[in-house]
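Asker: Below are the sequence and a predicted model for it; my questions follow.
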Amino acid sequence: MNSSAEMPYEEAFRQVLAHRTMLKAYVQAIVRDPFLAEDAFSEVTLEIARSWNRFDRSRPFESWARGVARRVALTSIRKQGRQPVTLDDSVLESIGTELDAFGNEIELGLRKEALETCLGILTEANRELVRLRYFENRGYEEIARMLGRSVGALYVALTRIHAALHDCVRRKLRLA
């Protein structure tokens with residue numbers, strides 16, 4: 001059942017899906033509760049579809065969608081009977097700009113593939129550091145104790161790993 005009246009909503013949903021990660025992260029930054037963020041994101045999706053005919057296509061979708069997301073997220077917080085801890089507009093804009101730099105879902109997928117490839121190139125010891133720090137979310141002090149290294153040595157090692165991964169991902173993305 002593809003009537004022409006449904007087509008604008010389809011485009012709205014395509015845009016939301018293409019920018020899903022950015023929008024979810026933005027809502028999470030505002031509501032600061034993972035369960036409320038999921039509910040608010042569903043409401044954001046519906047509100048974008050409802051408001052789609054008011055979206056000025058000459059403007060970037062991302063900034064318009066973040067405006068919708070902000071209003072919906074704040075309303076969700078208030079409905080929960082909580083006082084919103086609002087971030088300054090300049091902070092929210094800065095978060096939005098940083099999120100835009102990651103790109104849409106396709107670009108994120110390419111970055112993820114590149115990162116996975118680059119992680120595979122690391123030495124076993126460096127992969128273990130990444131696993132402990134980022135996949136197990138262990139603190140520097142705990143990792144230092146586990147591995148018998150100083151916290152300073154871990155900072156240096158992880159800084160070097162970050163730089164190597166950053167360079168590797170950039171090279172892989174240029175080749176893609």
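Answerer: Received the coordinates, thanks. For clarity, every value in this text was computed on a predicted model and none was experimentally measured.

Asker: Can you name the element that comes right after the worst-scoring helix or strand of the chain on mean pLDDT?
Answerer: Ranked by mean pLDDT, DSSP states H and E, the helix or strand of the chain with the weakest confidence is helix 89-102, at a mean of 62. Sequence order places helix 105-121 as the next helix or strand after helix 89-102, per DSSP states H and E.

Asker: Could you list every helix and strand in contact with that next one?
Answerer: Packing partners of helix 105-121 (3 or more C-beta pairs under 8 Å, 6 or more residues apart in numbering; DSSP states H and E): helix 7-18, helix 20-31, helix 151-175. Every C-beta, even on glycine, is put in place using the N, C-alpha and C of the backbone.

Asker: In the longest one, which residues are buried?
Answerer: Along helix 151-175, the positions that meet the burial threshold by neighbour count (16 or more other C-beta atoms under 10 Å) are L154, A157, L158, I161, L165, C168, V169, K172.

Asker: Find the nearest non-adjacent residue to the fourth one, please.
Answerer: This means I161. N126 (5.3 Å; C-beta to C-beta, 6 or more residues apart in numbering).

Asker: What is the neighbour count of that neighbour?
Answerer: 17 (other C-beta atoms under 10 Å).

Asker: For it, grab phi and psi.
Answerer: Backbone torsions of N126, given as degrees, to the nearest 10, read phi -70, psi -40.

Asker: my guess is it meets H162, correct?
Answerer: No - N126 is not in contact with H162 according to C-beta atoms under 8 Å; the separation is 10.6 Å.
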